[in-house]
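> here are the coordinates; sequence isn't available:
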């Protein structure tokens, strides 16, 4: 018998955590955090009650809570080697920014890293009575879908995935296998993304227009994945030399270049990194504001990071532009900017005079891709829909029920099911 316990990520975006329980093993699939003023963790589970952890990819909503299991225990965790490197970079930064709220310290992160088990795509692992392997998820470099077999049941956990090729990674393929259960994300279950090439062309056209009018463009972007995708697009259209990139990009770029197997085109990526100027300190930051150019900087949701410094200087200039390229969680600074045109600068809400626009460079499957993914699976799996706003989780679950005749549910937090 296999049981699935939904500890986090149910009917919400953030803090993914699912416990898979077989006859002999208790494996945790992700243990992320939800980034609010004080980070929110999944339902508590004792370290002594799990045998191991699988991290599907490095973003903090999948990995940010994992060090909590290393306060006194030694548990193996499994990830692609690139995911492990990037997870360390992100959690280190998380500790720097939020240590007051966190129940672990840098020491636990170090202990965790000593328990790493690196797995490439397709490598089979036997863990107690569970066999599992990673498949490319197409979300960010190193991201994985997890295929597990236990007690005669085959289960697929998609994590975050994308079946559209990007400039950074190859797309996820629909596994031509029969599953008993599929746990699938639903971030964009009610929205289709624009066609990629036309979106890129519109993005570049808008940037050129701002530069031609002597303005500057701020592109707030996630440090892992989105910043590199934007850099790659700028390079492809001949604008890389006009761009600077700030934040953790140097460490992330280095990690990506150390693991070229997880990139779609490693040679081109090296050219991208060499062309775009990296900001290494405050002198470079001030210089970037003097130049007529493009600034790529975290945080992607304008919730912190160096993007706030640039916002202070650029938001009130009509000749400038703020181009958002990342998912905006409701309530975030970026969401507020898009909805109201206002942004908090030096403690006061100000009406932003720079041009504000969002470009949907998503690394998640859209509505059509999610539906096609479920259609493409063989057999009649039970479907568990997570990692989306409540209406998105329910919409995809209803599609699976009504259109495909599958048993499908959008679990509530804390619910358990038998496969």
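Arrived safely. As the structure is a prediction and not an experimental result, all values here were calculated from the model. Numbering: from 1, shown residues only.
> list the residues that contact the closest residue in space to residue 199 that isn't next to it in sequence.
Spatial nearest neighbour of residue 199, chain neighbours left out: residue 359 (6.2 Å); criterion: C-beta to C-beta, 6 or more residues apart in numbering. From N, CA and C alone the C-beta is placed, and that goes for glycine too. When contacts are counted by C-beta atoms under 8 Å, 6 or more residues apart in numbering, residue 359 touches 199, 202, 203, 323, 324, 325.
> residue 359 and residue 206, how far apart?
Distance, residue 359 to residue 206, by C-beta to C-beta, to the nearest Å: 8 Å.
> what of residue 261?
Taken as C-beta to C-beta, the span from residue 261 to residue 206 is 34 Å.
> same deal with residue 17?
39 Å.
> can I get the contacts of residue 359 in JSON lines including distance to residue 383?
Listed next are the contacts of residue 359 as JSON lines, based on distance: C-beta to C-beta, whole Å:
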{"residue": "199", "distance to residue 383": "29"}
{"residue": "202", "distance to residue 383": "35"}
{"residue": "203", "distance to residue 383": "34"}
{"residue": "323", "distance to residue 383": "36"}
{"residue": "324", "distance to residue 383": "32"}
{"residue": "325", "distance to residue 383": "30"}
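> let's see which of those end up in helices.
199, 202, 203 (DSSP state H).
> would you mind checking these for buried ones?
199, 203 (16 or more other C-beta atoms under 10 Å).
> still on that earlier bit, who has more neighbours out of residue 17 and residue 206?
residue 17 (27 against 16; other C-beta atoms under 10 Å).
> identify the bridge partners of that one.
residue 8 (DSSP bridges).
> that one touches residue 42, doesn't it?
Yes. Between residue 17 and residue 42 there is a contact under C-beta atoms under 8 Å: 3.6 Å.
> what residues are shared contacts of these two?
With C-beta under 8 Å, 6+ apart, residue 17 and residue 42 have common neighbours 7, 8, 9, 31, 32, 65.
> of those, which is the nearest to residue 399?
residue 9 (19.2 Å; C-beta to C-beta).
> in a helix, residue 209, correct?
Yes. Under DSSP: H, G, I helix; E, B strand; the rest coil, residue 209 falls within a helix.
> tell me how far it lies from residue 201.
Residue 209 is 13 Å from residue 201, by C-beta to C-beta.
> just the pLDDT for residue 346.
pLDDT, residue 346: 86.
> ok, residue 224 next?
93.
> that one: which element?
Taking DSSP states H and E as the definition, residue 224 sits outside all helices and strands.
> got the contact list for it?
58, 59, 86, 89, 90, 140, 248, 252.
> ok, and the most crowded of these?
residue 86 (30 neighbours).
> isn't that one up against residue 58?
Yes. Residue 86 lies in contact with residue 58 (C-beta under 8 Å); the separation is 3.7 Å.
> joint contacts of the two?
142, 224.
> what residue ranges in the stretch 1-150 of the chain score low on pLDDT?
Scanning the stretch 1-150 of the chain for pLDDT under 70 picks out nothing.
> just the strands in it please.
Counting by DSSP state E, counting those that start in this stretch, the stretch 1-150 of the chain has strands at residues 3-8, 17-21, 26-29, 52-54, 77-79, 116-118, 125-127, 130-136, 144-150.
> tell me which other helices or strands the fifth one touches.
Counting contacts by 3 or more C-beta pairs under 8 Å, 6 or more residues apart in numbering; DSSP states H and E, strand 77-79 is packed against strand 52-54, strand 116-118.
> where's residue 110 relative to residue 312, distance?
For residue 110 relative to residue 312 (C-beta to C-beta), the value is 35 Å.
> now swap in residue 117 and tell me
For residue 117, the distance to residue 312 - C-beta to C-beta - is 44 Å.
> again with residue 254
Distance from residue 254 to residue 312, by C-beta to C-beta: 29 Å.
> repeat for residue 248
In terms of C-beta to C-beta, residue 248 sits 20 Å off from residue 312.
> with residue 54 instead?
From residue 54 to residue 312 the distance is 41 Å (C-beta to C-beta).
> just residue 262 next, same as before
Taking C-beta to C-beta, one finds residue 262 at 36 Å from residue 312.
> which residues touch residue 192?
Contacts of residue 192 (C-beta under 8 Å, 6+ apart): 366, 367, 368.
> coming back round to it: can I get the ones in helices among the contacts of residue 359 in CSV including pLDDT and distance to residue 306?
Output for the ones in helices among the contacts of residue 359, formatted as CSV (pLDDT from 0 to 100; distance: C-beta to C-beta, whole Å):
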residue, pLDDT, distance to residue 306
199, 97, 25
202, 98, 26
203, 98, 21
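> isn't residue 408 right up against residue 382?
Yes. If you go by C-beta under 8 Å, residue 408 and residue 382 touch, sitting 7.2 Å apart.
> stretch 396-410: which residues count as buried?
Buried-residue list, stretch 396-410, by 16+ other C-beta under 10 Å: 396, 397, 399, 400, 406, 408, 409, 410.
> quick one on the thing from earlier: which neighbours do residue 359 and residue 206 have in common?
What both residue 359 and residue 206 touch, as defined by C-beta under 8 Å, 6+ apart, is the set residue 323.
> what residues are up against the residue most central in space within the chain?
Nearest to the mean C-alpha position of the chain, by C-alpha atoms, centre = their mean, lies residue 59 at 4.7 Å. Shown in contact with residue 59 (C-beta under 8 Å, 6+ apart): 32, 90, 140, 160, 222, 224, 225.
> in helices only, show me those residues.
Going by DSSP H, the helices hold residue 90 from the contacts of residue 59.
> would you turn the contacts of residue 59 into JSON lines with distance to residue 268?
As requested, these are arranged in JSON lines below (distance: C-beta to C-beta, whole Å):
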{"residue": "32", "distance to residue 268": "31"}
{"residue": "90", "distance to residue 268": "25"}
{"residue": "140", "distance to residue 268": "17"}
{"residue": "160", "distance to residue 268": "24"}
{"residue": "222", "distance to residue 268": "20"}
{"residue": "224", "distance to residue 268": "19"}
{"residue": "225", "distance to residue 268": "16"}
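> now, which of the contacts of residue 59 sits nearest residue 237?
Nearest to residue 237 among those, with distances taken as C-beta to C-beta, is residue 225, at 19.4 Å.
> now do the closest residue to that closest one other than its chain neighbours against residue 64, distance only.
Nearest non-adjacent residue to residue 225, counting by C-beta to C-beta, 6+ apart: residue 140, 3.5 Å away. To residue 64, residue 140 is 15 Å away according to C-beta to C-beta.
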